[in-house]
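K.L.:
next come a sequence and a model predicted from it.
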Amino acid sequence: MIYPFPATAKKLGLYPVVDSVEWIARLLDAGVRTIQLRIKDQTEAAVENSIAEAVALGKRYQARLFINDYWRLAIKYNAYGVHLGQEDLDVADLDAIRHAGLRLGLSTHDDAELDRALALRPSYIALGHIFPTQTKQMPSDPQGLIELKRHITRLGDISTVAIGGISIARAPEVLACGVGSIAVVSAITQAADWRQATQTLLALAEPEPQFGTEPA
Ligand SMILES: Cc1ncc(COP(=O)(O)OP(=O)(O)O)c(N)n1
Ligand SMILES: Cc1ncsc1CCOP(=O)(O)O
Ligand SMILES: [Mg+2]
């Protein structure tokens, strides 16, 4: 029997994915309450301080702070959650993450990956990439809105996140597919005015109140 990971909100709302503690601090201060620290390809020693600081900020703002990839450090500093991709799943100790009480978000790109993710009973499932993106090299084609809607229908009550190429202009049509959250990188970090972009996206993607119905 596979025990589920702790629940998170079905609607996580706006979910910025950023690569520094500075971005975490400014976005939490701007009202973001679901956020991910995504630092790529560093040693654990190089990212440990950033992860510790990001987790402390997340707690101070009562935000849902997910750590990408570095699941051992996420456990060590008791982050709200961890985000893992399909390749990460091959090496991560999911039992350790579950026993530590951290939420788990999983990336998926197609039906086969959805099957695999569902069997692991994660806290949320991310679907992507929806549109072309400059931020990450993707081996597959963008799935687009019709596939997104089909996946959302299949996932029923599970918390869902859409990612990849989501701009302010495209956010409404993505949200109209019924997804609970939009994860964005460049729509905020490359915006001419990141504060304005964040406020616009927050207003579009209204989240559930943080921790309202979740275990602490
Ligand atoms: C919310 C969200 N969705 C997908 C990803 C991508 O994760 P992954 O496939 O592990 O790729 P990297 O981000 O590690 O390059 C994500 N980080 N967040
Ligand atoms: C990390 C990641 N995983 C799938 S697409 C993506 C990058 C999304 O970035 P952007 O919002 O700039 O397209
Ligand atoms: Mg990863």
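P.N.:
Cool, got the structure. Numbers count the residues shown, from 1 in each chain. Ligands and ions are numbered 1, 2, ... in the order given.
K.L.:
from here on, just use CA atoms for contacts and neighbour counts.
P.N.:
Will do.
K.L.:
and the helix ranked longest in the chain, what's buried?
P.N.:
Secondary structure assigned by DSSP state H gives helix 44-60 as the longest helix of the chain. Using 16 or more other C-alpha atoms under 10 Å as the test for burial, helix 44-60 gives Val47, Glu48, Ser50, Ile51, Ala52, Glu53, Ala54, Val55, Ala56, Leu57, Gly58.
K.L.:
from these, which are also near ligand 1?
P.N.:
For ligand 1, no contacts are drawn from the buried residues of helix 44-60 by C-alpha under 6 Å from any ligand atom.
K.L.:
quick one: low-confidence parts of the chain?
P.N.:
For the chain, the stretches with pLDDT under 70 are 207-216.
K.L.:
quick revisit: which residues does the longest helix of the chain contact?
P.N.:
With C-alpha atoms under 8 Å, 6 or more residues apart in numbering as the test, helix 44-60 has contacts from 20-21, 24-25, 28, 37, 39, 64-65, 67, 70, 73-74, 77-80.
K.L.:
swap in stretch 13-26?
P.N.:
By C-alpha under 8 Å, 6+ apart, the residues outside stretch 13-26 that reach it are 32-39, 50-51, 53-54, 57, 180-185, 188-189, 201-202, 205-208.
K.L.:
ok, which of these also contact ligand 2?
P.N.:
For ligand 2, the contacts drawn from those by C-alpha under 6 Å from any ligand atom are Val184, Val185.
K.L.:
which among the contacts of stretch 13-26 end up buried?
P.N.:
32-39, 50-51, 53-54, 57, 180-185, 188-189, 201-202, 205, 207.
K.L.:
for the residue of the chain found nearest ligand 1, which non-adjacent residue is spatially closest?
P.N.:
Nearest to ligand 1, among the residues of the chain, is Gly85, at 3.1 Å (C-alpha to the nearest ligand atom). Using C-alpha to C-alpha, 6 or more residues apart in numbering and skipping residues adjacent in sequence, the residue nearest Gly85 is Ser107, 4.8 Å away.
K.L.:
give me the element that neighbour is part of.
P.N.:
Here Ser107 is covered by strand 103-108, with elements defined by DSSP states H and E.
K.L.:
the helix or strand just after that strand close to ligand 1?
P.N.:
Following strand 103-108 in sequence order, the next helix or strand is helix 111-120 (DSSP H and E). No - using C-alpha under 6 Å from any ligand atom, helix 111-120 never reaches ligand 1; the gap is at least 11.0 Å.
K.L.:
now helix 111-120, how far from the centre of its chain.
P.N.:
Offset of helix 111-120 from its chain centre (C-alpha atoms, centre = their mean, to the nearest Å): 17 Å.
K.L.:
stretch 77-96 too?
P.N.:
Centre-to-centre, stretch 77-96 and its host chain are 12 Å apart (C-alpha atoms, centre = their mean).
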